[in-house]
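In: got a structure for you, letters missing:
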């Protein structure tokens, strides 16, 4: 049996399985997943969209655990962030930067922020609105150049961790409309620059991921608007 025959057999088997599940499906008995489940599913999708980053974070977490257990780690915690903000911590290791969040697990209603300014030529091409679990993401692109950027924000819920590899990046502490922000500029060709900023009053973390220059990214961030209040 050839590989092509195996692929066809697997496809037909999958189709038959799905059809058998749908045969006695009753929409009135449809299961409605919980907010916690949808939040985990969204996190899983984000891992699938950024597999290399997730793998790097897993390696960093394993490294951090081993070092902590052995007592041989020098972990730099952003002291200023710890003093001024209690909803997030920036932890720096040799091969990783992690953000740990300690916000409420029972968030308030999710506000609808949108971009009030984007660079000329950029249009919204995709949007993921998961307001019920405290997440939103938008993908903008310039059809002519193929360049793009991603804007997203979410609640800083307890247990949430995000981060990046500091390799080939320059770090700058800055502000966005008076809110504390961290900017990471890539020194490697074709890698993205990343801006994080934090609104502890509303328990929100914002992020822009793009190859655009620093000033343009900051201008985008400083022009977000509250489109709709809960």
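Out: All right, it came through fine. Quantities reported herein were computed from a predicted structural model and do not represent experimental measurements.

In: tell me how far residue 91 lies from residue 162.
Out: Applying Cβ to Cβ, to the nearest Å, the value for residue 91 to residue 162 is 11 Å. C-beta: built from backbone N, CA, C; applies to glycine.

In: okay, and the common contacts of those two?
Out: Residues within reach of residue 91 and of residue 162 at once, by Cβ atoms under 8 Å, 6 or more residues apart in numbering, are 98-99.

In: just checking: what are the partner strands of the helix or strand hosting residue 150?
Out: Using DSSP states H and E, residue 150 sits in strand 148-155. With DSSP bridges as the test, strand 148-155 is paired with strand 135-141 (antiparallel), strand 204-210 (antiparallel).

In: can you list contacts of the first one?
Out: Right, the one you point to is strand 135-141. With contact meaning Cβ under 8 Å, 6+ apart, strand 135-141 is reached by 39, 42, 110, 112-115, 118, 122-130, 147-155.

In: can you check the last one too?
Out: Outside strand 204-210, the residues that touch it by Cβ under 8 Å, 6+ apart are 88, 99, 101, 111, 113, 148-156, 162, 176, 192-199, 217, 220-221, 224.

In: where does residue 120 land in three-state SS?
Out: coil (DSSP: H, G, I helix; E, B strand; the rest coil).

In: after the strand holding residue 150 comes which helix or strand?
Out: The helix or strand immediately downstream of strand 148-155 is strand 161-164, counting by DSSP H and E.

In: which of the strands paired with strand 148-155 is buried the deepest?
Out: Mean neighbour count (mean count of other Cβ atoms under 10 Å) peaks for strand 204-210 among the strands paired with strand 148-155, with a mean of 21.

In: what is the mean pLDDT for the helix or strand that comes right after it?
Out: Per DSSP H and E, the first helix or strand lying C-terminal to strand 204-210 is helix 214-222. Helix 214-222 shows a mean pLDDT of 97.

In: what comes up buried for helix 214-222?
Out: 216-218, 220-222 (16 or more other Cβ atoms under 10 Å).

In: packing partners of that helix?
Out: When contacts are defined as 3 or more Cβ pairs under 8 Å, 6 or more residues apart in numbering; DSSP states H and E, helix 214-222 packs onto strand 148-155, strand 169-176, strand 179-186, strand 193-199, strand 204-210.

In: neighbouring strands of the fourth one in the sheet, and parallel or not?
Out: This points to strand 193-199. Short version: by DSSP bridges, strand 193-199 pairs with strand 179-186 (antiparallel), strand 204-210 (antiparallel).

In: tell me the angle of that strand relative to strand 169-176?
Out: Relative orientation of strand 193-199 versus strand 169-176 (axes from the mean of the first three to the mean of the last three Cα atoms, to 10 degrees): 40 degrees.
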